[in-house]
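Enquirer: Build the 3D model from these lines:
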Amino acid sequence: MKKVAVSACLLGKKCRYDATDNRNDAVIKKLAGDEVIPFCPEDFAFGSPRPTMDLTETPRGIKALSNRDGTDLGCEVEAYAEHFFNEHPDIALFVGKDRSPSCGVCSAKLYNRDKVLVSDKEAGLMAKEALRRGIESVDAEVFVTHPCKEKK
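Expert: Next up is the predicted model:
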């Protein structure tokens with residue numbers, strides 16, 4: 001049995017920005033037999049519902065900016081991610097919600113300051129921390145279509 005960090009919204013927790021979920025029964029089924037550790041940095045830091053945020057190129061690097069008022073929300077997400085992985089150092093796999101600015105592994109959208117799409121293949125802030133730590137990481141959509149799941 002391996003420990004798998006999974007975006008909580010995929011497990012049915014109503015923690016999306018609009019206080020709904022992204023329950024994915026295919027993800028849940030594929031995780032049978034693994035120890036699942038749910039996470040949601042945005043819900044933890046800002047609650048649900050909450051304003052949306054986008055990854056945005058700025059002169060000071062990529063920031064997670066609130067779509068309501070432009071506030072940089074990244075520090076709270078990054079602090080949550082660091083704490084989460086320190087508390088769970090033996091995570092073997094990270095399954096993130098695709099396209100999320102926090103949890104998308106290679107599908108998060110990056111915009112410039114004029115809200116023009118620069119890339120749709122970025123890592124969200126929490127996914128970036130998982131990757132930095134060398135944790136195998138995958139977007140949920142890829143996870144469910146991958147033909148086999150190795151058991152370690």
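Enquirer: What pLDDT is listed against Ser100?
Expert: At Ser100, the model reports a pLDDT of 98.
Enquirer: who's in contact with the nearest residue to it once chain neighbours are set aside?
Expert: Using CB to CB, 6 or more residues apart in numbering and skipping residues adjacent in sequence, the residue nearest Ser100 is Gly124, 5.2 Å away. Heads up, the C-betas are built off the backbone N, CA and C, glycines and all. If a contact means CB atoms under 8 Å, 6 or more residues apart in numbering, then Gly124 has Leu55, Gly96, Ser100, Pro101, Ser102, Cys103, Gly104, Val105, Ala108 as its contacts.
Enquirer: give me that answer again for 6 Å
Expert: If a contact means CB atoms under 6 Å, 6 or more residues apart in numbering, then Gly124 has Ser100, Pro101, Ser102, Cys103, Gly104, Ala108 as its contacts.
Enquirer: Among those residues, which one is most surrounded by other residues?
Expert: Among those, Cys103 has the most neighbours (other CB atoms under 10 Å), with 34 neighbours.
Enquirer: That one against Met126, yeah?
Expert: Yes - look at Cys103 against Met126 with CB atoms under 6 Å: they come within range, at 5.5 Å.
Enquirer: Need the residues touching each of those two.
Expert: With CB under 6 Å, 6+ apart, Cys103 and Met126 have no common neighbours.
Enquirer: Give me the buried stretch members for stretch 60-70, please.
Expert: Within stretch 60-70, the residues scored as buried using 16 or more other CB atoms under 10 Å are Ile62, Lys63, Ala64, Leu65.
Enquirer: Likewise for stretch 2-10?
Expert: Buried, per 16+ other CB under 10 Å, within stretch 2-10: Lys2, Val4, Ala5, Val6, Ser7, Ala8, Cys9, Leu10.
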